[in-house]
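> predicted model and sequence follow; I will ask about them next.
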Amino acid sequence: MTASRTVLVTGGAGFIGSNFIRHLLARYDYHIINLDKLTYAGNLDNLRDVEDDPRYRFVQGDVCDAAVVTELMNEASAVVNFAAESHVDRSIEDAGVFIQTQVYGAFVLLEAARQAPSLDRFLHISTDEVYGHSIGDQRFTEEDPFRPRSPYAAAKAGGELQCHAFGETYGLPIVVARPANNIGPYQYPEKAIPLFVTNALDDEPLPLYGEGLQVRDRLFVDDHCEALDLLLHSGEIGEAYNISAGNERANTEVAETILEMLEKPKSLIRFVEDRPGHDQRYAMSSRKLEALGWSPRHDYEAAMEKTVAWYRDHREWWEKIKSGEYREYYERMYGQRLAESKPFES
Ligand SMILES: NC(=O)c1ccc[n+]([C@@H]2O[C@H](COP(=O)([O-])OP(=O)(O)OC[C@H]3O[C@@H](n4cnc5c(N)ncnc54)[C@H](O)[C@@H]3O)[C@@H](O)[C@H]2O)c1
């Protein structure tokens, strides 16, 4: 890509998008347009350090709004689509907005992209959850079928499938990323790791679903950004790439790691009623991406250390969030569950 490129990033005020915008501005002389609706998960505090950069522009808007999307797409040479409702638990409560943003929003972006005069790359951020959960030692490759098991994952699958269809039908320059669970700075504290770290810092209980045995692959967000950088510049058009660090750990182990790092007692762990249809394990092979030259720089310990330290040192960032809407959500999700919870026995 040349120095004068303009990259349209959607959902850039969220967790991964904000880290990716910071990554691009630090490495390239690109112009970045951040189109974000600012849902409860969008937060301009995530980008305070770059908001005055003349190469960065924020536009508040919805990816479902064809007028704003078309206008911005016409300026772009590449688009990176992060915009999504991203929390599985919320999709179980009410899936409509997930379908709207992930499926209809992807369609609006694709439709504008195929009319855009100078677009040469559409990088779509999908998820490992499109495969469903892995059984036994199963490790998904990009050839495995989609078997999404939550409304969130099904909506993500719908958005991704449209990308492939637009690539085949209209020759759009589509590349798809299927990342594992990210951890790192600026993640909204409804998600397991920031929820556990911030609760532990406040000596509040850590609610673990079921028996805490669900296994997730923890990908440090900087490693993810490096992978997306590579896909933006060198991913093969029409291809999908898994992004996994191979850092698979059960949720109980993750909670114990956090408590050890913060020198808090294990008695803060509470087992609560499980999420319905909870995926047990995610595991993918990243061989295809590694063949392009990527490998993660953070193993489980390094990723956890940096993540825990960031929330410990940025209390002002998360305390602001953990009020209002968040409190209502937390009470709805965990109030009753915690009242009926079981203690941790090591
Ligand atoms: N976080 C993870 O572990 C993970 C793993 C795999 C894939 N993903 C995918 O990566 C992407 C980013 O995830 P995240 O964790 O940063 O999510 P996030 O919830 O932190 O951020 C999502 C952002 O999208 C914005 N947004 C939502 N609806 C929008 C709309 N209609 N129009 C414009 N903006 C809208 C929100 O305001 C927010 O800023 C998502 O597509 C998600 O599905 C995330």
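In hand now; what should we look at?

> quick one: the strands in this structure, in order.
Ranges of strands in the chain, per DSSP state E, are 6-10, 31-36, 56-60, 78-81, 121-125, 174-179, 181-183, 206-209, 215-220, 240-243, 248-250, 269-272, 342-343.

> quick one: average pLDDT of the last one?
On average, the pLDDT along strand 342-343 is 92.

> same check on stretch 38-54?
The model assigns stretch 38-54 a mean pLDDT of 98.

> which parts of the stretch 51-200 of the chain sit against the ligand?
62-64, 82-86, 101, 105, 125, 127, 156, 179, 181-182, 188 (CB under 6 Å from any ligand atom). Where you see a C-beta, it was placed from the backbone N, CA and C, and this is true even at glycine.

> buried only: go through the residues you listed for me.
Buried members of those, scored by 16 or more other CB atoms under 10 Å, are 62-64, 82-86, 101, 105, 125, 127, 156, 179, 181-182, 188.

> next, the buried residues of stretch 32-43.
So, applying 16+ other CB under 10 Å, buried residues of stretch 32-43: 32, 33, 34, 35, 36, 37, 39, 41, 42, 43.

> now, which of the residues you listed lie close to the ligand?
With CB under 6 Å from any ligand atom as the criterion, those include 35, 36, 37, 39, 41, 42 near the ligand.

> quick one: the first one and residue 72 touch, right?
Yes - counting by CB atoms under 8 Å, residue 35 touches residue 72, with 5.8 Å between them.

> hey, what's in contact with both of those two?
8, 59 (CB atoms under 8 Å, 6 or more residues apart in numbering).

> for residue 329, see how far away the residue in the stretch 201-346 of the chain that the ligand sits nearest to is.
When distances are taken as CB to the nearest ligand atom, the stretch 201-346 of the chain reaches nearest to the ligand at residue 219, 7.4 Å away. Distance from residue 219 to residue 329, counting by CB to CB, to the nearest Å: 25 Å.

> that older thread, residue contacts, the residue of the stretch 201-346 of the chain closest to the ligand?
Here residue 219 is in contact with 179, 180, 181, 182, 183, 243, 244, 245, 247, 296, 303 (CB under 8 Å, 6+ apart).

> same check on residue 293?
Residue 293 neighbours (CB under 8 Å, 6+ apart): 230, 234.

> could you check the pLDDT of it?
97.

> now do residue 254
97.

> and it, how many neighbours?
If you count neighbours by other CB atoms under 10 Å, residue 254 ends up with 24.

> one more: residue 227?
Neighbours of residue 227 (other CB under 10 Å): 26.

> wait, residue 79 sits on residue 118?
No - using CB under 8 Å, residue 79 makes no contact with residue 118, being 11.5 Å away.

> neighbour count for these two, which is higher?
residue 79 (27 against 12).

> and the residue lying closest to the more buried one once chain neighbours are set aside, what are its bridge partners?
Leaving out its chain neighbours, the residue that sits closest to residue 79 by CB to CB, 6 or more residues apart in numbering is residue 8, at 4.5 Å. Taking DSSP bridges as the rule, residue 8 bridges to residue 33, residue 79.

> ok, the residue lying closest to residue 106 once chain neighbours are set aside - how many residues close by?
In this structure, residue 106 finds its nearest non-sequential neighbour in residue 159, 3.7 Å apart by CB to CB, 6+ apart. A count of nearby residues for residue 159, using other CB under 10 Å, gives 28.

> show me what contacts residue 159?
With CB under 8 Å, 6+ apart, residue 159 has these contacts: 84, 102, 103, 105, 106, 124, 126.

> in those, find the pair that's most separated.
Distance extremes for these: the farthest pair is 105 and 126 at 13.5 Å, using CB to CB.

> re the thing from before, mind checking which of the buried ones among the residues of the stretch 51-200 of the chain next to the ligand land in helices?
Members of these lying in helices (criterion: DSSP state H): residue 156.

> one step back: now, which of the ones next to the ligand among the buried residues of stretch 32-43 sits nearest residue 266?
When those are compared against residue 266 (criterion: CB to CB), the nearest one is residue 41, at 30.1 Å.

> pass me the low-pLDDT residue ranges in the chain, would you?
1-3, 346 (pLDDT under 70).

> now the closest residue to the ligand within it: how far from residue 170?
Ranked by CB to the nearest ligand atom, the top residue of the chain for proximity to the ligand is residue 14, at 1.9 Å. From residue 14 over to residue 170 the distance is 28 Å, taken as CB to CB.

> the more surrounded of those two?
Under the criterion of other CB under 10 Å, the comparison of residue 14 against residue 170 puts residue 14 first, with 25 against 13.

> show me what contacts that one?
Neighbours of residue 14 in contact, by CB under 8 Å, 6+ apart: 36, 41, 42, 43, 46, 82, 86, 188.

> make it 6 Å
By CB atoms under 6 Å, 6 or more residues apart in numbering, the contact set of residue 14 is 41, 42.

> which residues touch the residue nearest the centre of the chain?
Centroid-nearest residue in the chain: residue 16, 5.5 Å away (criterion: CA atoms, centre = their mean). Neighbouring residues of residue 16 by CB under 6 Å, 6+ apart: 82, 182.
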